[in-house]
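Colleague: Let's see this in three dimensions:
(one chain, ligands or ions: 1)
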Amino acid sequence: MPADGKPALIKKIRSAGPMRELMGAYFRELDEASKTGSAKVAWCTSVGPAELLRSFGFRVYFPENHGALLGSSRLAPDLIPAANAVGYSPEICSYLTSDVGSYLRKLTPLTKAFGMAGPPKPDILVYNTNQCRDVQDWFAFYQREFKVPMIGIETPRSIGDITKDHLDGLVGQHRALVPTLERVSGTRFDIDRLRETVKCSHDCTLGWKKVLRAAEHVPSPLTFADGTIHMGPAVVLRGDPRAVSYYESLVAELEERKAAGVGAVDGERWRFYWDGMPVWGKLREHTELFSSRRACIVASTYCNSWIFEGLAEEDPFTGMARAYTELFIVRSEEFKQRYLEGMVRDYGIHGIVYHDAKTCPNNSNDRYGLHVRLTRSLGVPHVVIHGDLNDLRLYSEEQADTQFEALIEQLESKAV
Ligand code: SF4
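Modeller: Residues are numbered from 1 along each chain as shown. From the prediction side, this is the model:
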């Protein structure tokens, strides 16, 4: 309890310390590889084939993670205009524009956080368009800047059932990456090394899933904001044993909270689902507002996007093809509706917040009536807030707060 006697609105998770150390080690290793050439560096999209890259010994860097740092540090709105000035529209992904702006202006939160002058230089750029086309255009900017190879996988979008034909094509595309990866890394492909990396990544996924599923408990031991912080190793260190150990200790801490009946929000009354991207620069404010109303965001599409249960060491290529295609963002509206219905039931959700992010239509699921259909089918109220992941100029705090309050009041009036 703080000195003013009021309950804390944000409760610290002990494992945050070890997580910061782990993320620090990850960035220092990247920096060293980039400066000394001790290892080759591959840039990878956040749901790209990281396991394959690690199996060749690449240090793997994820520009989207840097995009999120630019958002949470609130540097993005000052950097986006630099990308606009070289022709990248203010309407496209603000991760892309803030990252390109950061490169052009030579300003990065990595300096303050990890003492790095900038992101590590790539030896190769590897994308998967499973999430959007922007990632390919984003990497193409750096291909022109650094004059390094860019290779990738083009995944079909809006998929309902995943068929053998889908998988066969994607397995072929994954295999086709191998010769270039061998050439750039100077390492022969080793199927056993890939199996080992895939198994490690799968173990990480299972740990991360346990973390998120801990929030099914009432009261929830963690919030959406906690999830966005602690997902770091699942994003950037999947395939590395340190991520597996990290989630074992985090799960143990959350189990302690559950056993002691300690919720992330004191007196938790309302449980919400967050669909869409976080508003990175406003996560703290959102958490405080919800906590002050005894509401907890217990689950989200975003944090669940780094669960890759399809990974399979026995058949690593098919497993990767499946895991990176099963994702919510790749799927049809019908699949998304069924998925969200399951989440609402599993987590005991009272209301859903849809974030319509202006520059990311791919993660804005209110544009084709899904939110209305879901409220009709489940009777769970929702609110749509308009904003953006990184460009805070597109977000009105006052308007969003009024909408959050209205959702809570709607639930309270029904409960009376
Ligand atoms: S999914 Fe959205 S936020 Fe992510 S890279 Fe694509 S456009 Fe940007």
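Colleague: Give me the neighbour count for the residue in the stretch 151-300 of the chain positioned nearest to the ligand.
Modeller: In the stretch 151-300 of the chain, the residue found nearest to the ligand is Met277; the distance is 6.0 Å by Cβ to the nearest ligand atom. C-beta here means a position set from N, CA and C on the backbone, and glycine is covered the same way. When counting by other Cβ atoms under 10 Å, one arrives at 26 neighbours for Met277.
Colleague: so who does it touch?
Modeller: 302, 355, 357, 360, 363-364, 388-389 (Cβ atoms under 8 Å, 6 or more residues apart in numbering).
Colleague: Give me every residue in the stretch 301-416 of the chain lying close to the ligand.
Modeller: Applying Cβ under 6 Å from any ligand atom, we find that the stretch 301-416 of the chain lies next to the ligand at 360, 362-363, 389.
Colleague: Pull the most distant pair out of those.
Modeller: Asn362 and Leu389 (10.9 Å; Cβ to Cβ).
Colleague: The two - which one has more neighbours?
Modeller: Leu389 (30 against 19).
Colleague: Report pLDDT for the closest residue to that one other than its chain neighbours.
Modeller: Nearest residue to Leu389 in three dimensions, chain neighbours excluded: Met277, at 4.0 Å (Cβ to Cβ, 6 or more residues apart in numbering). In this model, Met277 is scored at 98, pLDDT.
Colleague: Kindly report the same for Ala3.
Modeller: Listed pLDDT for Ala3 reads 41.
Colleague: on that earlier part again, with the residues of the stretch 301-416 of the chain next to the ligand in mind, which one is nearest to Glu32?
Modeller: Closest approach between those and Glu32, by Cβ to Cβ: Leu389, at 30.1 Å.
Colleague: Next up, the contacts around that closest one.
Modeller: 67-68, 71, 94-95, 277-280, 357, 359-360, 363.
Colleague: Among those, which are located in strands?
Modeller: Taking DSSP state E as the definition of strands, the contacts of Leu389 contribute Ala357.
Colleague: Can you tell me which of the contacts of Leu389 end up in helices?
Modeller: With helices defined by DSSP state H, the entries of the contacts of Leu389 inside them are 67-68, 71, 94-95.
Colleague: give me phi/psi at His355?
Modeller: phi -100, psi 110 (degrees, to the nearest 10).
Colleague: Tell me the pLDDT of it.
Modeller: His355 is assigned a pLDDT of 98 by the prediction.
Colleague: Touching, it and Leu394? I think so.
Modeller: No - His355 is not in contact with Leu394 according to Cβ atoms under 8 Å; the separation is 11.3 Å.
Colleague: list residues touching both of those two?
Modeller: Gly387.
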